[in-house]
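In: all I have is the shape, not the residue letters:
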C-alpha cells in the first residue's frame, strides 16, 4: 500500500496543494481546482475502484480450466492464474485483434454507463530499429479502428447458427485518450494513433491528451502528470491508493518483456512503489516521458497483448512472479487480461 502524502508533487519540482497546481517558470501550469488524493494528487477521499466485467466474445461458453494437471496452453485455452490474472489464448493475430476490440467495447460501454466518460491509455509506438514495438502499437491501433465502423466486424459462432459478422461500436465522443510514452523529439505515438484510429473514430481533439513536447524530459513528465491529475473524476476516478485510475490500460508486451516504455532492469522499473504518475527518461537514444509502474497498476482494467513465437519466452516469465527483469510481470490491476496467440503462448503451462 502506498503512503498518502498531503502534498502532490510531480517530476521536475512541480507541486500541487489541495486547491491548485503550480510549477517553476520554465514549466508553467495554470492554477486549477484539484480533486484528488495521494502521493501525486491530493484533495478528496479516494474510492475503491469498481471492477469492470469485460466480455470474452470469442471464447464465450468455454469454462476456466482450474485444478487440472498442468498442460501446455494452446489455442482456445482460457484460465485464471492463482493471482487472478485472466489468460486467453487465441489462434492467431487476427483473432487477437478481434478480442482486443471486444474488450475495449465492453470496458467503454461499462465506464460510460457508470460515469459518463471512458479513459484509455494506449502504447507508445517508438522503439528499436527492428520495429517490433511499432508492430505492437500498430496491432492495437488496427484493433481500435474496427470500432469506428470503417473496419471489419468480428465473427461470432453460435451452436445453432452459422457464424455471422457483428459490428462493435463505441461512443467516441465520451472517450479520453492518454499515452503510455512518447519521445520528446517528435510525436510518433500520437501521430500513429491519429493515423490508425483516432481520426476515423472521431474522438474530439480536446479529449486526446498527447505527451507535451518542446521541453526537457523532467518538465514534460511534470506537465503530463499535472494534466492527468487535473482530469475530472468522471474521466479518471481515484484508485484506492489515491492515484488517477484509467478505465482501461491497453498495452502490448515487447519480445524482451518491455511494457509501455518500462524496459527490463531499468531505473524506471525501480520506481514501482514511488507513487509517481509519469517518469522522465534521459538516455543516449532520446529523452522521453513515460507512464510509471504505479500509474499503470492503478488502472481499473488492463488488457495486455502479446503475439508471435519471438515473445514466447518473455510471456512465460511475465505470467510468473513479478520481476524487474520482465516489466510486464509487474502489471497487476484490479482486472488484468492477457490476450495471446498460439505462438506467444507456446511456453505457457495452464495451472
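Out: Cool, the structure landed. In this text, all values refer to a predicted model and were calculated from it rather than measured experimentally.

In: in contact with residue 307, which residues?
Out: 93, 96, 136, 139, 340, 341, 343, 344 (Cβ atoms under 8 Å, 6 or more residues apart in numbering). Where C-beta positions appear, they are placed from N, C-alpha and C, glycine not excepted.

In: of the residues you listed, the lowest pLDDT goes to which?
Out: Of all the contacts of residue 307, residue 136 has the smallest pLDDT value, namely 78.

In: and it, its phi and psi?
Out: phi -60, psi -40 (degrees, to the nearest 10).

In: helix or strand for the spatially closest residue to it that is not a sequence neighbour, which one?
Out: In this structure, residue 136 finds its nearest non-sequential neighbour in residue 252, 3.0 Å apart by Cβ to Cβ, 6 or more residues apart in numbering. For residue 252, the enclosing helix or strand under DSSP states H and E is strand 248-252.

In: partner strands of the helix or strand following that strand and their direction?
Out: Later in the chain than strand 248-252, the nearest helix or strand by DSSP H and E is strand 278-281. Within its sheet, strand 278-281 is paired with strand 288-291 (antiparallel), according to DSSP bridges.

In: residues in contact with the strand it pairs with?
Out: Strand 288-291 is contacted by residues 121, 124, 126, 180-184, 211-212, 217, 220-221, 224, 260-262, 268, 277-281 when judged by Cβ under 8 Å, 6+ apart.

In: if we use 6 Å, what do you get?
Out: The contact list for strand 288-291, computed with Cβ atoms under 6 Å, 6 or more residues apart in numbering, reads 180-181, 183, 211, 217, 220-221, 224, 260-261, 278-281.

In: kindly reformat the contacts of residue 307 as TSV and extend each row with neighbour count.
Out: Converted to TSV, these look like this (neighbours: other Cβ atoms under 10 Å):
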residue	neighbour count
93	18
96	25
136	25
139	19
340	28
341	23
343	17
344	29
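
In: where does residue 313 fall, secondary structure wise?
Out: Using DSSP H and E, residue 313 sits in helix 312-318.

In: pull out the buried positions in that helix.
Out: For helix 312-318, burial by neighbour count (16 or more other Cβ atoms under 10 Å) applies to 312, 313, 314, 315, 316, 317, 318.

In: what does stretch 257-266 give?
Out: Residues of stretch 257-266 classed as buried: 257, 258, 259, 260, 261, 262, 263, 264, 266 (neighbour count, 16+ other Cβ under 10 Å).

In: now swap in stretch 225-244 and tell me
Out: 225-231, 233-239, 241-244.

In: avg pLDDT for the helix holding residue 313?
Out: 97.

In: give me the angle between the very next helix or strand once past that helix and strand 248-252.
Out: The helix or strand immediately downstream of helix 312-318 is strand 335-341, counting by DSSP H and E. Orientation check (axes from the mean of the first three to the mean of the last three Cα atoms, to 10 degrees): strand 335-341 against strand 248-252 gives 30 degrees.

In: sketch out the helices for the stretch 51-200 of the chain, chain order is fine.
Out: Using DSSP state H, counting those that start in this stretch, the helices of the stretch 51-200 of the chain run over 93-115, 132-145, 188-193, 199-201.

In: pick out the shakiest of these, pLDDT-wise.
Out: Ranked by mean pLDDT, those end with helix 132-145 in last place, scoring a mean of 80.

In: what's that one packed up against?
Out: Other elements packing on helix 132-145 under the criterion 3 or more Cβ pairs under 6 Å, 6 or more residues apart in numbering; DSSP states H and E are helix 93-115.

In: now the angle from the helix it packs on to helix 132-145?
Out: Orientation of helix 93-115 against helix 132-145 (the same axes, to 10 degrees) gives an angle of 60 degrees.

In: in helix 93-115, what counts as buried?
Out: For helix 93-115, burial by neighbour count (16+ other Cβ under 10 Å) applies to 93, 95-112, 115.

In: elements contacting it?
Out: Using 3+ Cβ pairs under 6 Å, 6+ apart, the elements in contact with helix 93-115 are strand 118-122, helix 132-145, strand 335-341.

In: and residue 294, which of the ones you listed is closest to it?
Out: Nearest to residue 294, of all these, is strand 118-122, at 13.4 Å by Cβ to Cβ.

In: quick one: list the elements packing against the closest one.
Out: Against strand 118-122 (3+ Cβ pairs under 6 Å, 6+ apart) you get helix 93-115, strand 175-179, strand 248-252.
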